[in-house]
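[1] Structure for this input, please:
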Amino acid sequence: MKVCLISTTGGHLVQILMLKDLYQDLDHYFVTVKDDFSERVLEKERTHFVTQILRDPVRFLLNDMQSFSILRKEKPDVIITTGAGDVYPTCFLGKMQECRIIFLETFARVSEPSLVGRVLTPLADLTLVQWKPMLEHYKNAIYSGPIYEATEVGELPENPKIFVVTGTHTASFHRLVKGVDELVGDGIVSGVSGAQIGHSSYEPKNFHWHRFLPFEEFLDHIRGSDIILTHDGASSIGLALSHGKRVVVMPRRRELREVEYASKQNLARHLESEGLAVLVDDVDDIPAGLVKASEVRPTVETSEREGPVHIIKRFLEDL
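    Numbers count the residues shown, from 1 in each chain. Sure thing, here's the model as predicted:
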């Protein structure tokens, strides 16, 4: 059995990588959009790149042609995807070639379906959602629970280590990077052990940083930290929670051109309501947010769920 793992880059790609226990022993390949992040994290994988569509008809046609060529070459039996829109040509053409389609709705979608989800579910042989409210929108879906399973956090050391993460979004989030750098420089915040600053136009002067780290090195930084200070990106938050870290979230803002869409921060707000994250509005709120995160020890309730990997494994075994 050959498996095509397709997603756009950023958080969607990270969620595909979280399925490693599922695909590592199968004949598999990746399809994604080419950028610094995807090239780095997939450098040891067989990977094909397609054009990012960006709702452009010409780009859609290019993506369609590339997708057809890759499918003809690879001839997969199953396509597994988390979205977003750049995956549609592969899924549509794959369905025409009798591929089975598995769609895992993104971790970021708590109560509202994604556009690609609305389009892909009619094609999908298996649809999984990571939050129960999503079952109202996808009638034939299965609740798998989050791909990132929150674990119990430990006691904080006297001097906790803080790791700053801006995500893979192509828009600069220099407001966070510069703000933290100035807080460190002024002695207001201490313990920043490093940062992955992505496409930030500002380069820190008071702590070590990287643009993008290889995925395993990135995870090492997560594991070695006590508090993750990040934007409202699903993968950054999810990876922190799955490693038992406290999370402080400062969302990107559309009016400052830090993101193209109007973020409702649904995921961050939901996690804050569950005591799993601290949400701050701006740089000035970060010191208080870090104190709050240090004082709160989230409790994680055990829920009866199989998880996406086990559900998809069983589906593949039954083919």
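[2] Tell me which residues touch residue 109, please.
    Shown in contact with residue 109 (C-beta atoms under 8 Å, 6 or more residues apart in numbering): 117, 129-131, 134, 266. (Glycine included, C-beta is placed from N, CA and C.)
[3] From residue 147, how far out is it?
    Going from residue 109 to residue 147 by C-beta to C-beta, to the nearest Å gives 12 Å.
[4] list residues touching both of these two?
    Joint contacts of residue 109 and residue 147 (C-beta under 8 Å, 6+ apart) are residue 130.
[5] quick one on the thing from earlier: now, of the contacts of residue 109, which are buried?
    Among the contacts of residue 109, the ones that count as buried by 16 or more other C-beta atoms under 10 Å are 117, 129-131, 134, 266.
[6] where do the helices sit along the protein?
    Ranges of helices within the chain are 11-17, 20-23, 36-41, 57-74, 88-96, 115-120, 174-185, 215-223, 234-242, 266-273, 286-295, 308-317, based on DSSP state H.
[7] still on that earlier bit, make TSV out of the contacts of residue 109 and add distance to residue 76 and pLDDT.
    As requested, the contacts of residue 109 are arranged in TSV below (distance: C-beta to C-beta, whole Å; pLDDT from 0 to 100):
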residue	distance to residue 76	pLDDT
117	21	91
129	24	95
130	24	93
131	28	92
134	26	94
266	33	81
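[8] Quick one: the residues you listed as CSV, columns for distance to residue 167 too.
    Formatted as CSV, these follow (distance: C-beta to C-beta, whole Å):
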residue, distance to residue 167
117, 21
129, 23
130, 18
131, 20
134, 22
266, 16
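[9] just to revisit the earlier point, from the buried ones among the contacts of residue 109, which is closest to residue 35?
    Comparing those against residue 35 with C-beta to C-beta places residue 117 closest, at 22.9 Å.
[10] wait, the closest one sits on residue 104?
    No: using C-beta atoms under 8 Å, residue 117 makes no contact with residue 104, being 9.7 Å away.
[11] end to end, how far does stretch 244-251 reach?
    21 Å (C-alpha to C-alpha, to the nearest Å).
[12] Might you quantify the distance of it from its chain's geometric centre?
    14 Å (C-alpha atoms, centre = their mean, to the nearest Å).
[13] Would you mind pulling the contact partners of that stretch?
    Stretch 244-251 is contacted from outside by 150-154, 156, 176, 222, 225-232, 237, 240-241, 263, 265, 268, 271-272, 276-283, 285-286, 289-290, 293-294, 296, 298, using C-beta under 8 Å, 6+ apart.
[14] re earlier: among the contacts of residue 109, which one lies nearest to residue 160?
    Nearest member of the contacts of residue 109 to residue 160, counting by C-beta to C-beta, is residue 266, at 27.8 Å.
[15] Let me see the contact set for residue 70.
    31, 48, 50, 90.
[16] State the distance from it to residue 113.
    Residue 70 sits 27 Å away from residue 113 when distances are taken as C-beta to C-beta.
[17] Check residue 52 too.
    Distance of residue 52 to residue 113, computed by C-beta to C-beta: 21 Å.
[18] And residue 289, by the same measure?
    Counting by C-beta to C-beta - residue 289 and residue 113 are separated by 30 Å.
[19] Quick check on those two: which one has the bigger neighbour count.
    Per other C-beta atoms under 10 Å, whichever of residue 289 and residue 113 has more neighbours is residue 289, with 20 against 17.
[20] Please list all residues in contact with the closest residue to that one other than its chain neighbours.
    Once flanking residues are discounted, residue 289 sits nearest to residue 280: 4.0 Å by C-beta to C-beta, 6 or more residues apart in numbering. Each residue near residue 280 by C-beta under 8 Å, 6+ apart is listed here: 248-250, 286, 288-289.
[21] for the residues you listed, which one is nearest residue 25?
    So of these, ranked by how close each gets to residue 25 (C-beta to C-beta), first place is residue 249, at 35.3 Å.
[22] Tell me the pLDDT of the residue lying closest to the closest one once chain neighbours are set aside.
    Nearest non-adjacent residue to residue 249, counting by C-beta to C-beta, 6+ apart: residue 268, 4.6 Å away. What the model reports for residue 268 is a pLDDT of 87.
[23] repeat for residue 303
    55.
[24] Only the buried residues of stretch 220-239, if you could.
    Within stretch 220-239, the residues scored as buried using 16+ other C-beta under 10 Å are 221-222, 225-239.
[25] Repeat that for stretch 244-260.
    244-252, 258-259.
[26] Output those residues in a markdown table; the columns should cover distance to residue 138 and pLDDT.
    Shown next, in a markdown table, are these (distance: C-beta to C-beta, whole Å; pLDDT from 0 to 100):
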| residue | distance to residue 138 | pLDDT |
| --- | --- | --- |
| 244 | 30 | 90 |
| 245 | 30 | 92 |
| 246 | 32 | 93 |
| 247 | 27 | 94 |
| 248 | 32 | 96 |
| 249 | 26 | 95 |
| 250 | 31 | 95 |
| 251 | 26 | 91 |
| 252 | 27 | 91 |
| 258 | 30 | 84 |
| 259 | 25 | 79 |
